[in-house]
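J.: how does the following fold in three dimensions:
(one chain, ligands or ions: 2)
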Amino acid sequence: MNEAELRQQMVDLARSMFNRGYATGGAGNLSLRLPNGHFLATPTGSSFGRLVAEELSVVDKEGNHLSGKRPSKEVAFHLAIYDKDPNCNAIVHLHSTYLTALSCLENLDPKNAIKAFTPYYVMRVGELPVVPYYRPGSSNIAEDLAKLAGKYRAFLLANHGPIITGSDFLDAVDNAEELEETAKLFFLLANKPTRYLTDEEVTDLKGRGK
Ligand SMILES: O=C(CO)COP(=O)(O)O
Ligand SMILES: [Zn+2]
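T.: Ligands and ions are numbered 1, 2, ... in the order given. Next comes the predicted model:
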């Protein structure tokens, strides 16, 4: 896809997420790797329901603002992930209801906030490490993510929300939807005796693709 098509894809899928309740107000941000090595990102404060293709922000890998509106205050953590994960070409950060509720629970396993109970969670995400709470826009988020990126496909910011990566923008959005649905099921199953996938079942699913 060329840059114009990628811009349109970001606008269209962001609106689709907004219309289905994955994003509200001005919360969350999106980015993707452009063919020329720069990055397209949502402008700070923008609603997923009202993005404009020509207004999207372009930054280089050092975070210099090259064109469009002022980029998301979280652009540093997006760049930290791209830097450490060459297979990541798109990132979705949401404050979606169930994943954000999960991010507020005490005693989450910092290595994996959701123990697998369905195969698609394993196939699309695998594990969900937790980054401690820092205020939105803090450089600490990027520093912590730099240590995890490349080893995981999604991350949970404590008391904040999820970050989901993908091989392209569509993949990142599909992974985000799968993860939000998994968190919803997690709460539906709360206090109900649950059969988790066994280690053997998880290992069998890993590396098989989607
Ligand atoms: O989700 C957000 C902060 O974590 C939104 O910030 P931006 O509007 O600057 O992208
Ligand atoms: Zn946020």
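
J.: contacts and neighbour counts: CA atoms only from here.
T.: Will do.

J.: check contacts around the closest residue to Thr24 other than its chain neighbours.
T.: Spatial nearest neighbour of Thr24, excluding adjacent residues (Cα to Cα, 6 or more residues apart in numbering): Phe18 at 6.5 Å. Contact criterion Cα atoms under 8 Å, 6 or more residues apart in numbering gives 24, 48-49 as the residues in contact with Phe18.

J.: now the helices for the chain?
T.: If you assign secondary structure with DSSP state H, the helices in the chain sit at 3-19, 75-84, 97-103, 119-124, 139-148, 169-188, 199-205.

J.: tabulate those helices (JSON lines), appending distance to ligand 1 and mean pLDDT.
T.: Formatted as JSON lines, the entries for the helices of the chain read as follows, by distance: least, Cα to the nearest ligand atom, whole Å; pLDDT from 0 to 100:
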{"stretch": "helix 3-19", "distance to ligand 1": "13", "mean pLDDT": "98"}
{"stretch": "helix 75-84", "distance to ligand 1": "8", "mean pLDDT": "98"}
{"stretch": "helix 97-103", "distance to ligand 1": "11", "mean pLDDT": "98"}
{"stretch": "helix 119-124", "distance to ligand 1": "22", "mean pLDDT": "96"}
{"stretch": "helix 139-148", "distance to ligand 1": "10", "mean pLDDT": "98"}
{"stretch": "helix 169-188", "distance to ligand 1": "15", "mean pLDDT": "98"}
{"stretch": "helix 199-205", "distance to ligand 1": "31", "mean pLDDT": "96"}
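
J.: switch these over to JSON lines; also include distance to Asn159.
T.: Compiled in JSON lines, those are given as follows (distance: least, Cα to Cα, whole Å):
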{"stretch": "helix 3-19", "distance to Asn159": "21"}
{"stretch": "helix 75-84", "distance to Asn159": "17"}
{"stretch": "helix 97-103", "distance to Asn159": "5"}
{"stretch": "helix 119-124", "distance to Asn159": "22"}
{"stretch": "helix 139-148", "distance to Asn159": "13"}
{"stretch": "helix 169-188", "distance to Asn159": "15"}
{"stretch": "helix 199-205", "distance to Asn159": "28"}
